[in-house]
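**Student:** sequence plus predicted model, see below.
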Amino acid sequence: MKSRRDFIRIAAISSASAFVDNLWANSAGNLNSPQSNFNSSGPIVVSTWEHGVEANQAAWKILSRGGTALDAVEKGVRVTESDPSITTVGLGGFPDRDGIVTLDACIMDHENNCGAVAFLENIENPISVARKVMEDTPHVMLVGEGAQEFAMEKGFKKIDLLTEHAKKEWQVWKESSLYKPKINIENHDTIGMLAIDEKGNLAGACTTSGMAYKMHGRVGDSPIIGAGLFVDNEIGAACATGMGEAIIRIAGSSVVVELMRHGLSPQEACEEAVKRIIKKHKNLKDLQAGFLAINKKGEVGAFSVYEGFNYATTSASINDLKDASFMKKLSE
């Protein structure tokens with residue numbers, strides 16, 4: 001005989017399942033929703049910020065030809081890493097307060113294999129070094145000099161990442177040395193990318209040069225599995241952008257995926273994670289953080305503390321850039 005506790009537990013599980021089924025049924029036909037895109041079959045790639053549009057095109061070339069999600073996300077974010085006009089990722093990224101460009105990145109596949117590098121200097125494509133850490137070592141993360149030595153052993157070339165533009169901006173900053181984050185400019189500090197391939201497998205990548213003029217040695221959420229990125233092939237994947245310290249404090253991306261496991265849509269999960277960040281911080285001034293998520297059905301969600309966060313989506317039927325929903329206006 002089932003106890004009352006068993007009855008309540010079974011009823012709760014049934015209700016959650018019905019909620020997810022109804023949510024999918026109600027939303028599946030709304031491909032132009034301002035908050036979400038849907039693609040129940042076939043490959044799809046999503047990424048953070050406007051620079052994700054170009055990155056998605058590189059990833060889509062792989063996905064559309066039957067390639068893996070892992071290859072797609074690596075190739076996609078390399079485009080952003082190698083673009084010197086983007087001052088928040090890779091080559092051309094703004095330096096720390098000592099004038100040194102340091103890079104962070106991580107990558108994760110559908111089998112929960114993952115690799116990361118942090119505080120890496122003089123290597124243009126940290127995402128590819130992170131993949132080498134994942135595939136060629138027993139470790140998950142390498143940092144600093146060790147990461148650079150490993151990269152060179154694997155054939156990566158040392159280059160000067162500090163462009164003339166970034167150097168001039170840093171020299172201007174030094175005149176005041178005032179560290180003050182700028183929402184959606186300095187906080188718009190990553191590219192996170194999530195993909196589903198034709199086999200239905202997920203992968204994700206995240207890469208950044210971090211906050212401009214940070215303390216030397218500072219590492220944010222982007223290379224931390226579970227904070228800046230998390231992939232669970234049974235459920236979905238999530239990535240984060242914004243103030244890394246705030247995202248780390250709630251293990252943001254893993255929280256989003258776990259909320260999806262418990263029946264929330266990607267949109268609802270991103271919203272709940274942002275609410276947790278808000279709850280944990282008494283002062284939200286200059287604190288931007290946002291999440292982007294996708295589940296196994298191809299449903300996408302995105303949400304941020306402040307307005308201004310956007311994300312790019314590419315599939316066989318979708319190719320667009322959308323503004324994410326948000327909690328607060330910049331004027332508040």
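**Tutor:** Done, it's in.

**Student:** quick check, Gly217 in contact with Ala118.
**Tutor:** No - the criterion here is Cβ atoms under 8 Å, and Gly217 misses it with Ala118 at 9.8 Å. (C-beta placed from N, C-alpha, C; glycine too.)

**Student:** quick check: His262 vs Glu272, distance?
**Tutor:** Here His262 is placed at a distance of 10 Å from Glu272 (Cβ to Cβ, to the nearest Å).

**Student:** per-residue pLDDT, the nearest residue to Arg249 once chain neighbours are set aside?
**Tutor:** Of all residues not flanking Arg249 in the chain, Lys280 sits nearest, at 5.8 Å (Cβ to Cβ, 6 or more residues apart in numbering). In this prediction, Lys280 carries a pLDDT score of 94.

**Student:** next one: Leu284
**Tutor:** You'll see Leu284 listed with a pLDDT of 89.

**Student:** and it, how many residues sit next to it?
**Tutor:** 17 (other Cβ atoms under 10 Å).

**Student:** check contacts around it.
**Tutor:** Counting by Cβ atoms under 8 Å, 6 or more residues apart in numbering, Leu284 touches 278, 305, 328.

**Student:** scan the residues you listed and report the most crowded one.
**Tutor:** Going by other Cβ under 10 Å, Val305 tops the contacts of Leu284 with 24 neighbours.

**Student:** A strand includes that one, no?
**Tutor:** Yes - judged by DSSP: H, G, I helix; E, B strand; the rest coil, Val305 forms part of a strand.

**Student:** if we can go back for a sec, quick one: which of the contacts of Leu284 is nearest Gly99?
**Tutor:** Val305 (30.1 Å; Cβ to Cβ).

**Student:** quick one: which of the contacts of Leu284 is nearest to Gly144?
**Tutor:** Val305 (30.8 Å).

**Student:** correct me if wrong: that closest one contacts Gln288.
**Tutor:** Yes - Val305 is in contact with Gln288 according to Cβ under 8 Å; the separation is 5.6 Å.

**Student:** buried stuff in stretch 112-126?
**Tutor:** Buried positions in stretch 112-126, judged by neighbour count with 16 or more other Cβ atoms under 10 Å: 114-126.

**Student:** check contacts around Leu194.
**Tutor:** So Leu194 contacts 45-47, 73, 202-204, 231, 237-239, 292-294 (Cβ under 8 Å, 6+ apart).

**Student:** do that again at 6 Å, thanks
**Tutor:** Each residue near Leu194 by Cβ atoms under 6 Å, 6 or more residues apart in numbering is listed here: 46, 204, 237, 294.

**Student:** state the phi and psi torsions of it.
**Tutor:** Phi and psi for Leu194, reported as degrees, to the nearest 10, are phi -130, psi 140.

**Student:** please name the spatially closest residue to Gly210 (chain neighbours excluded).
**Tutor:** Distances taken as Cβ to Cβ, 6+ apart place Gly220 nearest to Gly210, at 5.4 Å, with adjacent residues excluded.

**Student:** using the three-state scheme, assign that neighbour.
**Tutor:** Secondary structure state of Gly220, per three-state DSSP, is coil.

**Student:** ok, it touching Ala212?
**Tutor:** No - with contact defined as Cβ atoms under 6 Å, Gly220 does not count as touching Ala212 (11.9 Å).

**Student:** separation between Gly308 and Ser325?
**Tutor:** Using Cβ to Cβ, which is the criterion applied here, Gly308 is 12 Å from Ser325.

**Student:** dump the contacts of Leu194 into a markdown table; add neighbour count as well.
**Tutor:** As requested, those are exported to a markdown table (neighbours: other Cβ atoms under 10 Å):
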| residue | neighbour count |
| --- | --- |
| Val46 | 32 |
| Gly204 | 32 |
| Ala237 | 32 |
| Ile294 | 29 |
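
**Student:** from these, which land in strands?
**Tutor:** If you go by DSSP state E, the contacts of Leu194 have 46, 204, 237, 294 in strands.

**Student:** contacting residues for His110?
**Tutor:** Contacts for His110 (Cβ under 6 Å, 6+ apart) come out as 201-202, 233.

**Student:** name the helix or strand for it, please.
**Tutor:** Following DSSP states H and E, one finds His110 outside all helices and strands.

**Student:** so what does it have for phi and psi?
**Tutor:** Dihedral angles of His110 (phi, psi; degrees, to the nearest 10) stand at phi -70, psi -10.

**Student:** do you know the pLDDT at it?
**Tutor:** 98.

**Student:** do the same with Val20
**Tutor:** pLDDT recorded at Val20 is 38.

**Student:** repeat that for the one 10 residues further on.
**Tutor:** You'll see Asn30 listed with a pLDDT of 33.

**Student:** check Thr137 too.
**Tutor:** With respect to pLDDT, Thr137 scores 98.

**Student:** ok, it - how many residues close by?
**Tutor:** By other Cβ under 10 Å, 12 other residues sit near Thr137.

**Student:** mind listing the helices in the chain by residue range?
**Tutor:** Taking DSSP state H, the helices of the chain run over residues 4-27, 52-63, 69-81, 126-136, 144-153, 164-174, 244-249, 252-261, 266-280.

**Student:** so for Ile191, which of the ones you listed sits nearest?
**Tutor:** Among the helices of the chain, the nearest to Ile191 by Cβ to Cβ is helix 69-81 (4.5 Å).

**Student:** nothing else from me, thank you.
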